[in-house]
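Novice: Here is a sequence with its predicted model. Questions after.
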Amino acid sequence: MDDQYYEIAGQARIEIKRKGSRFIAETCPVDSVEEAHEQLEIVRKREHAATHHCYAYRVGLANDARFKYSDDGEPGGTAGRPIYDIICGRAVTNVLLVVTRYFGGTKLGTGGLARAYGDAAREAMDRSGRKERFLTVLIGVQLEFSLYDRLAKLTRQYEARQKDAEFSERVSVRLQVRRSLVDRLTADIIKLSGGKARIEKLG
C-alpha cells in the first residue's frame with residue numbers, strides 16, 4: 001500500500017575474506033542525509049587503516065527519497081552500485097550500508113570486486129533483517145463521554161494509537177492512525193456518534 005515502507009530491523013556488522021582482502025560490511029539506520037554522512041565518518045575514523053570505505057545510503061520515501069553511492073577509489077561500478085543494488089533489492093530506506101576493505105595484496109579484478117562487495121553487503125542486510133513501517137496521520141476526536149469505551153474498541157480494531165485524552169462531559173482524544181485507514185476510521189466514528197463527533201486532522 002502507498003503508506004507502507006520498510007527499514008532495517010537492527011544494525012549488523014559482518015566480515016568476509018576474498019584472496020586475503022577483508023571486507024567489513026555494516027548497516028546503520030539513519031533519518032537524514034546529514035546523519036548518513038556523520039555515521040560514515042564514524043566508520044572511517046574507526047577503520048582508519050583501511051584501503052577503501054565504499055558505501056550507499058537511501059533516505060526518505062518514494063519520489064522524495066535521496067540516495068548516494070560511492071566506489072571510494074575502487075574501479076567504477078565495482079563497489080558503490082552493487083551495495084546500493086542490495087538496498088534497493090530489500091526495498092528498505094533510511095539506511096546506510098558501508099563496506100570497508102583492507103587490501104590483502106592480491107587483485108580481484110572488476111568482476112571479483114563487484115561480487116565481493118555485493119556478497120558482503122547482502123550478508124549484512126540479511127543479518128539486519130527488516131521491519132514494516134507505516135505513514136501515519138494524527139487526528140483529533142471529540143465526542144460524548146458515554147461513547148468513549150466504544151471509541152477505544154474502534155481504536156484497537158484499526159490498530160491506532162491513542163496519544164492522550166481529556167475527559168469532561170465530552171471526551172477529546174488524539175489518535176495516531178495509519179494513513180490508508182484514516183477515512184474508514186473517521187466514517188466509523190461518525191456512524192458511532194450519530195454524526196455528532198468532531199474530527200480534525202492535526203498532522
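Specialist: Cool, the structure landed.
Novice: Pop the domain breakdown of this structure in here.
Specialist: With domains defined by automatic domain parsing, the chain comprises 4-133, 135-201.
Novice: just those domains: most buried one?
Specialist: domain 4-133 (a mean of 18; mean count of other Cβ atoms under 10 Å). The way it works is simple: take the backbone N, C-alpha and C, and place the C-beta from them, glycine included.
Novice: Dump the C-alpha coordinates for the lengthiest helix in the chain into PDB.
Specialist: In the chain, taking DSSP state H as the definition, the longest helix is helix 109-128. Provided in PDB are the C-alpha atoms of helix 109-128 (Å, rounded to 0.1, in the frame of the first residue of the first chain):
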ATOM      1  CA  GLY A 109      39.600  -7.900 -10.900                       C
ATOM      2  CA  THR A 110      36.500  -5.900 -11.600                       C
ATOM      3  CA  GLY A 111      34.200  -8.900 -11.500                       C
ATOM      4  CA  GLY A 112      35.700 -10.300  -8.300                       C
ATOM      5  CA  LEU A 113      35.500  -6.900  -6.600                       C
ATOM      6  CA  ALA A 114      31.800  -6.500  -7.600                       C
ATOM      7  CA  ARG A 115      31.000  -9.900  -6.200                       C
ATOM      8  CA  ALA A 116      32.900  -9.400  -3.000                       C
ATOM      9  CA  TYR A 117      31.300  -6.000  -2.300                       C
ATOM     10  CA  GLY A 118      27.900  -7.400  -3.200                       C
ATOM     11  CA  ASP A 119      28.300 -10.500  -1.100                       C
ATOM     12  CA  ALA A 120      29.400  -8.500   1.900                       C
ATOM     13  CA  ALA A 121      26.600  -6.000   1.600                       C
ATOM     14  CA  ARG A 122      24.000  -8.800   1.100                       C
ATOM     15  CA  GLU A 123      25.100 -10.700   4.200                       C
ATOM     16  CA  ALA A 124      25.000  -7.600   6.300                       C
ATOM     17  CA  MET A 125      21.500  -6.700   5.100                       C
ATOM     18  CA  ASP A 126      20.300 -10.300   5.700                       C
ATOM     19  CA  ARG A 127      21.600 -10.100   9.200                       C
ATOM     20  CA  SER A 128      19.900  -6.700   9.800                       C
END
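Novice: Show me what the closest residue to Arg198 other than its chain neighbours is bridged to.
Specialist: In this structure, Arg198 finds its nearest non-sequential neighbour in Gln142, 4.2 Å apart by Cβ to Cβ, 6 or more residues apart in numbering. Note on Gln142: beta-bridge partners by DSSP bridges are Ser172, Arg198.
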